[in-house]
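Participant: Below: sequence and its predicted model.
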Amino acid sequence: MNSNISEYKRYQELVAGKNINPQTLLATNYLNHFNEIHMLLGMIAEMPDCIDDITEWEAISYQGHFKYSVFQDKDLAIEAFHHSPIKYKEPFEKCVSEMDKLLLSTIIKVKESLDKNDLNEVNIIVAEYTPKMERMIENCSAIINSKEFTSQQDVIDDYFDDDVDEKNNAQDAIDDLFS
């Protein structure tokens, strides 16, 4: 067995029952880093004093978030991240990068508008930002919580050991679903 596969399986066992997805080896707790600032931006027009908290926000890596987190399994989350399959990690990191860019640009725009005391412009900026960020958070959550179902090797092996007629019947059933 490939050592990457055996490490992946080992981490799947280690995260079982934890708040880390055993398929992706990622934890939704990381999204708290985005949810908190998102909430503050949503309130900024009514509470402009929040701008100091908002401008202090910084993009932080997954590992950095957990390093300073109170998340119970933070060390495991950091370790498991290194074994997350690339098919999850790449889209996850791309999504995080896009969220970071959107937040940082929005924070700059909001700060500039508040400096001009233009709350109407702040409302417009936040109204444009909000659905984009909510969609990105939702997409990132979907990546983290992937429910991909894969067949176990025994099931696959059994399939190929079966009689040819049974395979044809199974294929006919699958074909019927799509016709």
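Facilitator: Alright, I've got the coordinates.
Participant: For Phe66, give me the pLDDT.
Facilitator: Turning to Phe66, the model gives it a pLDDT of 97.
Participant: Mind telling me what element Glu98 is part of?
Facilitator: When elements are assigned from DSSP states H and E, Glu98 belongs to helix 86-115.
Participant: That helix - contacts with which helices or strands?
Facilitator: helix 32-43, helix 51-55, helix 119-144 (3 or more CB pairs under 8 Å, 6 or more residues apart in numbering; DSSP states H and E). All C-beta spots, glycine's among them, are computed from the backbone N, C-alpha and C.
Participant: Could you rerun that using 6 Å?
Facilitator: If you count contacts as 3 or more CB pairs under 6 Å, 6 or more residues apart in numbering; DSSP states H and E, helix 86-115 packs onto helix 51-55, helix 119-144.
Participant: can you redo those as TSV with mean pLDDT?
Facilitator: Compiled in TSV, these are given as follows (pLDDT from 0 to 100):
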stretch	mean pLDDT
helix 51-55	96
helix 119-144	97
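Participant: so where's this protein shaky on pLDDT?
Facilitator: Residue ranges of the chain with pLDDT under 70: 1-2, 147-179.
Participant: buried ones in the helix holding Glu98?
Facilitator: 88-89, 92-93, 95-96, 99-100, 102-103, 106-107, 109-110, 113-114 (16 or more other CB atoms under 10 Å).
Participant: Surely Tyr88 and Thr24 touch.
Facilitator: Yes: counting by CB atoms under 6 Å, Tyr88 does reach Thr24; the two are 4.1 Å apart.
Participant: Domain parsing of the protein, as residue ranges.
Facilitator: Listed domain ranges for the chain are 3-148, 150-179 (source: automatic domain parsing).
Participant: winner for burial among these?
Facilitator: Most buried of the domains of the chain by mean neighbour count (mean count of other CB atoms under 10 Å) is domain 3-148; its value is a mean of 16.
Participant: And that domain, how far out from the chain middle?
Facilitator: 7 Å (CA atoms, centre = their mean, to the nearest Å).
Participant: related to what we said a few turns ago, which one, of the helices and strands packed on helix 86-115, ends up nearest to Lys74?
Facilitator: Among the helices and strands packed on helix 86-115, helix 119-144 comes nearest to Lys74, with 15.6 Å by CB to CB.
Participant: Does the closest one pack against any helices or strands, and if so which?
Facilitator: Using 3+ CB pairs under 6 Å, 6+ apart, helix 119-144 sits against helix 32-43, helix 86-115.
Participant: Could you check the angle that helix makes with helix 86-115?
Facilitator: On the basis of axes from the mean of the first three to the mean of the last three CA atoms, to 10 degrees, helix 119-144 is oriented at 170 degrees to helix 86-115.
Participant: the inter-axis angle of helix 119-144 versus helix 32-43?
Facilitator: 160 degrees.
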